[in-house]
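Asks: A predicted structure for the sequence below; I have some questions about it.
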Amino acid sequence: MMVKERKKKQLKTITSWCKGCGICVAFCPVKILAIENDKVQIVNPEKCTSCGLCEMRCPDFAIYLEEQEDETNG
């Protein structure tokens, strides 16, 4: 049986689209987001679980998960 590898995802933001509503901050289960200077900031990216709740709830599409290239397949 072959085990499918999950691709690593990295949280990204488009600060120019962010209106600082704080919805993503409220829904983040591991509290890695904060509003600073009226924009979302990723304050603990290494703790991100890639759950996607912030991306799903953002009304402005200002935060998203981006798949990373697999560095081991050379």
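Replies: Sure thing, it's come through. Residues are numbered from 1 along each chain as shown.

Asks: Not counting the one helix or strand Gln10 maps to itself, show me its contacts.
Replies: Secondary structure from DSSP states H and E places Gln10 in strand 9-13. Contacts with strand 9-13, where a contact means CB atoms under 8 Å, 6 or more residues apart in numbering, come from 32, 39-42, 45, 48, 50, 54, 62-68. Bear in mind the C-beta positions are built from the backbone N, C-alpha and C, glycine included.

Asks: Can you say which of those residues are buried?
Replies: The neighbour count (16 or more other CB atoms under 10 Å) marks Ile32, Lys39, Val40, Ile42, Cys48, Cys54, Ala62, Ile63, Tyr64, Leu65 as buried among the contacts of strand 9-13.

Asks: Who are the contact partners of the third one?
Replies: By CB under 8 Å, 6+ apart, the contact list for Val40 reads Thr13, Thr15, Cys18, Gly20, Cys24, Val25, Leu33, Ala34, Ala62, Ile63.

Asks: which of those has the most neighbours?
Replies: Cys24 (26 neighbours; other CB atoms under 10 Å).

Asks: distance of the residue nearest the centre of the chain from Lys47?
Replies: For the chain, Leu11 is the residue whose C-alpha lies nearest the centre (CA atoms, centre = their mean; 3.0 Å). Distance from Leu11 to Lys47, counting by CB to CB, to the nearest Å: 10 Å.

Asks: hey, what's in contact with both of these two?
Replies: Ile32.
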